[in-house]
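Undergrad: sequence-free structure coming up:
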C-alpha cells in the first residue's frame, strides 16, 4: 500500500514569513507559541514574522531557551508556557532544533504521556496543536516531515518521535532568512538534506512518489550546495537548496531514514557532533557497505546527482564532497580513538533501538553496526 502524507500548505517566496499572521488566522488560531532559535531571535530574523503575527491581532509568546540538541526538559519548559497562555497553535522558526521543539510542544501540550513513551517504536497519530514551520536553514526538511528528534536529558539518548501529530499544517519557505546562514551551518545542514534524499531513494519503504521527490532533491542539492556555501548571497543557489531540502524532507517523511541516520544520532548524542555533520562523516562508508547488496538502487542515486549510473561514482563523489566542504574528522573534533571505541556498544544499541537501520536495503544487526563504527574509526585514523 502506498500512503501519501504531506504538509497541506507549502508556500515559497522571498519575504513569505511575514504572512504567517493572516495564514494562522485563516486556520482559526489566535494564541501562538513561537519557538524561535536563540541565534535567529538575536539576529532579528524572526522580527518580520513576529510583526505579522501582531498585525493580525495576535500576542505571540516566545520561547527560545533551548540548546542545539534540544532536550525533553527544555521541551517541557516550553509546554508549560504554552499551557499557561492556552496556546492554540505552535510556530517553529529556525533550523531543525527549533522546529523539532515546536513539534514536541504541539504534541505534549495535548497528550499527557512522557516524551519517551511517545517515541519510536510508537507512532503518534494523536491529537496535537496545529504547527506552522519556517526554516532558516536548508537542511532537515522538518517543516514538512512527521518526525522530530529530542534528547533525553538524563540518558543523553536521542529519541525519535514519528507520526501525523508532528506534521506541520503550513510551511513557509523564505529564502531571505537563509542568506546570513554561515558557511559551516550551510554545509552541515545541506549535507543533512542530501543524506535525506539519498536514504529515501535507497530505502525498503520507497515508492514512486518518494523516488520522484528524492531524485529532484538530489539534483537540486548536488548542483547548488557548494555555491550556496561559498557564495552565501547567491539567491538562486540558496533557493535551490531550500527547495531541495524541503523535497528531501517530503521524501524521507514517507520512507523514514535508514542506516546512516541510525548510526549518526548516537554519535551526536555521545559527542555533541552536529547532526548533519555526523551524517556526512558516515555517508561514504555506509553507502559503500550498503551498495554491495543493492548496486542498481545506488546506481540510480548516482545518476540523480548527475554522475555515471554506478555506485562507485556515488561513493567517490561523496568522499570528494566531504573533502571539498571540509567535513572534519573525529580527531579534529577532539574525540579520541579510545573514547569513541568505548562508546561503540551503547551507540550500536541505540542505532538498533531507533528502528531506522531496518529500512536500509542491506540490513545491519548490532554486531555489524559495531563493526562499521570500528571501520569508521580506523578510516578516521588514517585520513
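TA: Happy to help now that I have it. Source: prediction; values computed, not measured. Numbers count the residues shown, from 1 in each chain.

Undergrad: identify the residues contacting residue 148.
TA: Contact analysis of residue 148 by C-beta atoms under 8 Å, 6 or more residues apart in numbering lists 99, 100, 101, 103, 104, 142, 160, 161, 166. C-beta here means a position set from N, CA and C on the backbone, and glycine is covered the same way.

Undergrad: recalculate using a threshold of 10 Å.
TA: Residue 148 makes contact with 70, 75, 92, 96-97, 99-107, 115, 119, 124, 140, 142, 159-163, 165-166 under the criterion C-beta atoms under 10 Å, 6 or more residues apart in numbering.

Undergrad: ok, the worst-scoring helix or strand of the chain on mean pLDDT: who's next to it in the sheet?
TA: Least confident helix or strand of the chain, by mean pLDDT, DSSP states H and E, is strand 158-162 with a mean of 90. If you go by DSSP bridges, strand 158-162 pairs up with strand 147-151 (antiparallel).

Undergrad: rewinding a little: which of the contacts of residue 148 fall in strands?
TA: Those of the contacts of residue 148 mapping onto strands are 92, 159, 160, 161, 162, per DSSP state E.

Undergrad: tabulate those (a markdown table), appending distance to residue 291 and neighbour count.
TA: Below are these laid out as a markdown table (distance: C-beta to C-beta, whole Å; neighbours: other C-beta atoms under 10 Å):
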| residue | distance to residue 291 | neighbour count |
| --- | --- | --- |
| 92 | 35 | 32 |
| 159 | 30 | 24 |
| 160 | 25 | 21 |
| 161 | 30 | 24 |
| 162 | 26 | 23 |
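
Undergrad: tell me the one of those nearest residue 200?
TA: Distance to residue 200 across the ones in strands among the contacts of residue 148 (C-beta to C-beta) is lowest for residue 162, with 14.7 Å.

Undergrad: show the contacting residues for the most centrally placed residue in the chain.
TA: The centroid of the chain falls nearest to residue 140 when counting by C-alpha atoms, centre = their mean (2.6 Å). By C-beta under 10 Å, 6+ apart, residue 140 lies in contact with 95-100, 133, 147-149, 189, 192-193, 196, 245-246, 248-249, 252, 275-276.

Undergrad: in stretch 332-342, what's buried?
TA: Going by neighbour count (16 or more other C-beta atoms under 10 Å), the buried part of stretch 332-342 is 335, 340.

Undergrad: residues in contact with that stretch?
TA: With C-beta under 10 Å, 6+ apart, stretch 332-342 has contacts from 267, 270-273, 277-278, 281, 326, 328-331, 343, 347, 373-374, 376-378, 380-381, 383.

Undergrad: what about residue 192, neighbour count?
TA: Using other C-beta atoms under 10 Å, residue 192 has 28 other residues around it.

Undergrad: chain neighbours aside, what residue packs nearest to it?
TA: Leaving out its chain neighbours, the residue that sits closest to residue 192 by C-beta to C-beta, 6 or more residues apart in numbering is residue 276, at 3.2 Å.

Undergrad: what strand or helix carries that neighbour?
TA: Assessed by DSSP states H and E, residue 276 sits inside helix 275-291.

Undergrad: which other helices and strands does that helix contact?
TA: Contacting helix 275-291 under the criterion 3 or more C-beta pairs under 10 Å, 6 or more residues apart in numbering; DSSP states H and E are the following elements: helix 96-108, helix 183-201, helix 259-271, helix 295-304, helix 311-324, helix 366-382.

Undergrad: now that helix: average pLDDT?
TA: For helix 275-291, the mean pLDDT works out to 97.

Undergrad: then stretch 242-258?
TA: For stretch 242-258, the per-residue pLDDT averages 95.

Undergrad: how far off centre is it?
TA: 9 Å (C-alpha atoms, centre = their mean, to the nearest Å).

Undergrad: same question, stretch 104-114
TA: 20 Å.

Undergrad: okay, how far is it across that stretch, tip to tip?
TA: Start to finish, the residues bounding stretch 104-114 are 11 Å apart (C-alpha to C-alpha, to the nearest Å).

Undergrad: mind listing what's buried in that stretch?
TA: Neighbour count says stretch 104-114 has 104, 105, 106, 107, 108, 109, 111 buried, by 16+ other C-beta under 10 Å.

Undergrad: residue 164 is in contact with residue 128, isn't it?
TA: Yes: using C-beta atoms under 10 Å, residue 164 is in contact with residue 128, at 8.6 Å.

Undergrad: the more surrounded of the two?
TA: Set residue 164 next to residue 128 and count neighbours by other C-beta under 10 Å: residue 128 wins out with 22 against 12.

Undergrad: gap between that one and residue 309?
TA: 42 Å (C-beta to C-beta, to the nearest Å).

Undergrad: show me what contacts the residue lying farthest from the centre of the chain?
TA: Relative to the centre of the chain, and counting by C-alpha atoms, centre = their mean, the farthest-placed residue is residue 57 at 32.1 Å. Residues near residue 57 by C-beta under 10 Å, 6+ apart: 21, 25, 30.

Undergrad: pretty sure the first one sits in a strand.
TA: It stands for residue 21. No: using DSSP: H, G, I helix; E, B strand; the rest coil, the secondary structure at residue 21 is helix, not a strand.

Undergrad: count the residues that sit near it.
TA: 21.

Undergrad: please name the nearest non-neighbouring residue to it.
TA: residue 56 is the one closest to residue 21 (C-beta to C-beta, 6+ apart), at 3.0 Å.
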